[in-house]
Every structure is written in C-alpha cells, then in structure tokens.
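J.: no sequence for this one, just the structure:
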C-alpha cells in the first residue's frame, strides 16, 4: 500500500529553522512530483512548495518564498522542506503530497496525501 509518512515537526520559536521530511513507501515515487501543503487552525489547506520528479523544478507559495527550500532524495524516496525564519503564522499541520506534475501539486489535483506533521511556532 502506498504511504507518505511525514516527520520532523515540533515546537520551535519565532526565528528558528526547521526541516520536515516525508518518506514514501509501498512503491517508487521517483516518477512523481511531490510537495507540501499546510493547514492552519480554522483555515483551508494551502500549497506550500512543490518539486518535480528529478528535483530540477521547484515552486513555492509567495508566503514562504525565500524562506523555504524543498528538496528530494530519490534514492531514499524522501522529500524535505527546510523553513527558515519561522513565524507564528507558519503554525500548521504540514502535509506531504505526491502527484503527476508540479502544476497538479500546486492546485491540489489528484494527489496522494500523508497524515501530516504539526509545526508550532511560538512568539
């Protein structure tokens, strides 16, 4: 069974950096685009970052551009999201996703989802 398992979330202070990971299992995701969404309390899920199958194309939401870096290790079937200068408004459950292309990841179309990892940023 295909699974996306996030890890690395936690409680950090404003200004800190954090890297969260997503390990894919059950089948190879090497042909898939992957990415991250987040959902803050009382808000809709929103796209954060996406990366294509070979890691050569990345896209970011304006809210994290310049502070976030998405990367992938194809040999380990794992993607990462490093976020710097975290702010309380970054507090959310962060979800790993996989899909056919970065454009589809960005609009949330036909994606496989992980269960999420909580990131909490205290002021």
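T.: Nice, thanks for sending it over. Note that this is a predicted model, so its numbers are computed, not measured.
J.: got a pLDDT number for the closest residue to residue 27 other than its chain neighbours?
T.: Nearest non-adjacent residue to residue 27, counting by Cβ to Cβ, 6 or more residues apart in numbering: residue 2, 5.5 Å away. For every residue, glycine as well, the C-beta is placed using N, CA and C. Predicted confidence (pLDDT) for residue 2: 83.
J.: you'd agree residue 2 is up against residue 23?
T.: No: using Cβ atoms under 8 Å, residue 2 is not in contact with residue 23; the gap is 11.8 Å.
J.: ok, and the closest non-adjacent residue to the residue positioned nearest the centre of the chain?
T.: Nearest residue to the geometric centre of the chain (Cα atoms, centre = their mean): residue 36, 2.4 Å. Nearest non-adjacent residue to residue 36, counting by Cβ to Cβ, 6+ apart: residue 48, 4.2 Å away.
J.: and residue 96, what element?
T.: Using DSSP states H and E, residue 96 sits in strand 92-99.
J.: now for the helix or strand following that strand, which elements pack on it?
T.: Going down the chain from strand 92-99, the next helix or strand is helix 102-107, by DSSP H and E. For helix 102-107, the elements it packs on are strand 33-39, strand 46-51, strand 58-60, judged by 3 or more Cβ pairs under 8 Å, 6 or more residues apart in numbering; DSSP states H and E.
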